[in-house]
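Visitor: please work out how this folds:
(chains A, B and C)
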Amino acid sequence: MQRKAFTFEFEAVPPYCFDLTVHKPAGWWWSTPNEVFQKRVLWTTVRVDSCLYGLRLRAAESSRKRQIVSCTVYSDKKLSGLEKDSLASNVERALGVKEDINEFYLIGRRDKILQHTIDDLWGMRTVAWPELFPALILAVTLQMAPMKRSNQMMDLLIANFGDNVHFGGKTIAHWPSADRIAELGVNELEGKAKLGYRAKSLISIARALRDGFPTADELLRMSPNEAKKQLMTLHGIGDYSAELIMPGMGFPLDVWSAKIFGLLFLGEEPQDPRDAIPELKKMAIERWGKWRGHAFVYVLNDLPMISKGFGVDLTNF
DNA sequence: GCGTCCAGGTCTACC
DNA sequence: GGTAGACCTGGACGC
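Guide: Numbering: from 1, shown residues only, chains lettered A, B, ... in the order given. All right, here's what the predicted structure looks like:
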């Protein structure tokens, strides 16, 4: 059982909405699929520098002028100053509190697709995974599989190889560490997590991370192109996965989202969505420039409302 | 019940 | 450098 260790606070660059940032309408988690969001409080877990922590996150103040996020950390040991700094830096980055999105809103206000979406999701930050390895797991399990099957693989990975964290009267199951997966044989991972051909990729990725692959913070300090190039050196990580992992890096279109953006950009579903991806990416760059990653997340989290505005059902692909 | 198809990509062999 | 084909697994579908 982890005990309350300390609390820190972050002041966000307005506009900032804590609830939408950590609990997105499309259903994606902030750190782990098993985290609990109730009464506007997020109970979750993170692993930083091989240490697991329980976190209780909430909006301590959310007036128009000042938005403060409070983070209570639970731990089973006393933390050094360095450990506290490292944890705070990762949480701050994943909350997106220091990001200024006002320029994106200026562009969005004049854009037919985004103009209502920015009101629907006012203050939401996009996706910035607290840890690199879980983001890589997500990318690998999303490949060539329907969502139900992807969820099955992720659930089995967590159930068989993950860690339970007990804190604040709750138990949250967390992702397996890269070190744990790096030790496994392909047969065990294939059998227990039903990963199929992805097992080899995931073990190779875990070993690369164990052996000194750049951390999420180090990737962020690189240029987007350099970081993407680094990610694509990992076996099983291609163009789509690299862009999915690093927020703001690009426009991670897959077959599903290509159908949606095909309808929004061209007024019709592409005949072959996979073939249409390069052209749709080009259109996103021309339309939204460096903010295309934000537009991507905003659109996919507002599909029911955009469907009403455009008179097409974008929720049924 | 059984066979076939295909899914929210990536890699590799071949040209 | 461009591209067809293979890749685990399980749900959907037709018969």
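
Visitor: help me confirm that residue A:68 comes into contact with residue A:8.
Guide: No - the criterion here is C-beta atoms under 8 Å, and residue A:68 misses it with residue A:8 at 10.7 Å. Glycine gets a C-beta too; all of them are placed from N, C-alpha and C.

Visitor: looking at those two, which is more packed in?
Guide: residue A:68 (17 against 14; other C-beta atoms under 10 Å).

Visitor: Provide a list of residues in contact with whatever residue of the stretch 1-150 of chain A ends up closest to DNA strand C.
Guide: Taking C-beta to the nearest atom of the strand, DNA strand C has its nearest neighbour within the stretch 1-150 of chain A at residue A:144, 4.7 Å off. Not one residue lies near residue A:144 by C-beta atoms under 8 Å, 6 or more residues apart in numbering.

Visitor: where's it relative to residue A:245, distance?
Guide: Plainly put, residue A:144 is 17 Å away from residue A:245 if you go by C-beta to C-beta, to the nearest Å.

Visitor: please apply the same query to residue A:112.
Guide: In terms of C-beta to C-beta, residue A:112 sits 30 Å off from residue A:245.

Visitor: more neighbours: those two, which one.
Guide: Higher neighbour count among residue A:112 and residue A:245: residue A:245, with 24 against 10, using other C-beta under 10 Å.

Visitor: tell me who's in contact with that one.
Guide: Taking C-beta under 8 Å, 6+ apart, one finds A:129, A:132, A:135, A:136, A:139, A:231, A:237 in contact with residue A:245.

Visitor: possible to save these as a markdown table with pLDDT, distance to residue A:256 and secondary structure?
Guide: Converted to a markdown table, the contacts of residue A:245 look like this (pLDDT from 0 to 100; distance: C-beta to C-beta, whole Å; DSSP: H, G, I helix; E, B strand; the rest coil):
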| residue | pLDDT | distance to residue A:256 | secondary structure |
| --- | --- | --- | --- |
| A:129 | 91 | 20 | coil |
| A:132 | 96 | 24 | helix |
| A:135 | 96 | 18 | helix |
| A:136 | 97 | 20 | helix |
| A:139 | 96 | 14 | helix |
| A:231 | 96 | 21 | helix |
| A:237 | 97 | 19 | coil |
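
Visitor: which of these are close to DNA strand B?
Guide: Contacts with DNA strand B within the contacts of residue A:245, counted by C-beta under 7 Å from any atom of the strand: A:139, A:237.

Visitor: pick out the most distant pair among the contacts of residue A:245.
Guide: Distance extremes for the contacts of residue A:245: the farthest pair is A:129 and A:237 at 13.9 Å, using C-beta to C-beta.

Visitor: got the buried residues for stretch A:105-112?
Guide: A:105, A:107, A:108 (16 or more other C-beta atoms under 10 Å).

Visitor: and the strands in chain A?
Guide: Using DSSP state E, the strands of chain A run over residues A:3-12, A:36-38, A:41-48, A:51-62, A:67-75, A:163-167, A:170-174.

Visitor: most packed of those?
Guide: Across the strands of chain A, averaging neighbours per residue (mean count of other C-beta atoms under 10 Å) puts strand A:41-48 on top, at a mean of 22.

Visitor: run through the neighbouring helices and strands of it.
Guide: strand A:36-38, strand A:51-62, helix A:81-95, strand A:170-174 (3 or more C-beta pairs under 8 Å, 6 or more residues apart in numbering; DSSP states H and E).

Visitor: parallel or antiparallel, list what pairs with it.
Guide: Sheet pairing for strand A:41-48, assigned by DSSP bridges, gives strand A:36-38 (antiparallel), strand A:51-62 (antiparallel).

Visitor: mean confidence score for the last one?
Guide: When pLDDT is averaged over strand A:51-62, the result is 96.

Visitor: taking strand A:67-75 as reference, get the angle to it.
Guide: Taking axes from the mean of the first three to the mean of the last three C-alpha atoms, to 10 degrees, one finds strand A:51-62 and strand A:67-75 inclined to each other by 150 degrees.
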